[in-house]
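[1] Build me a model from this:
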Amino acid sequence: MGVWTDSIEPIFYQDESLVKMRGEDGENTGSLVVLRRSLGNEESLTSPWNDWCIEVVEEAFLVTAPDGRGFTAERKGEWTYLAWEAPKAFVPHGRVWVSDEAGLRAYLPKLDELVVYPETYRDRENERPGR
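    Numbers count the residues shown, from 1 in each chain. Next comes the predicted model:
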């Protein structure tokens with residue numbers, strides 16, 4: 001597994017216990033949970049550490065805190081995977097990772113920058129075919 005910090009090249013680790021795929025049985029001892037589009041029809045991933053949720057919606061990724069506030073990140077084309085990184089001292093709410101046709105990006109949830117989603121936005125997304 002490769003981990004990027006502040007360098008262009010990743011640091012590679014042999015220990016696969018750093019990653020836990022969603023749906024595996026047993027205790028979550030990893031520091032990352034991942035939802036791959038190729039593994040099924042699910043389009044949302046909830047953090048096992050704090051109940052934050054990321055959802056794939058039309059043209060965006062919708063990230064929601066347990067209190068219903070959140071933020072969006074632009075989505076380019078088909079998505080590949082979603083991931084939640086475990087909270088740490090300097091990242092108290094974890095980090096959300098998205099991968100789509102624009103590449104790999106990470107976002108830090110910041111409580112002071114969250115917005116309340118209008119009901120019409122959520123209702124429109126829930127009425128989409130396949131929901």
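
[2] Moving C-terminal from the lowest-mean-pLDDT helix or strand in the chain, which element do we reach first?
    Lowest on mean pLDDT, DSSP states H and E among the helices and strands of the chain sits strand 20-21, with a mean of 44. Under the assignment DSSP states H and E, the closest C-terminal helix or strand after strand 20-21 is strand 32-36.

[3] Adjacent strands (with direction) for that next one?
    strand 20-21 (parallel), strand 79-85 (antiparallel) (DSSP bridges).

[4] Which positions in stretch 49-57 come out as buried?
    W52, C53, I54, E55, V56, V57 (16 or more other CB atoms under 10 Å). (Glycine included, C-beta is placed from N, CA and C.)

[5] Redo the residues you listed as a markdown table? Include distance to A89, secondary structure and pLDDT.
    As requested, those are exported to a markdown table (distance: CB to CB, whole Å; DSSP: H, G, I helix; E, B strand; the rest coil; pLDDT from 0 to 100):
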| residue | distance to A89 | secondary structure | pLDDT |
| --- | --- | --- | --- |
| W52 | 17 | coil | 93 |
| C53 | 23 | strand | 93 |
| I54 | 22 | strand | 94 |
| E55 | 27 | strand | 94 |
| V56 | 30 | strand | 94 |
| V57 | 31 | strand | 91 |
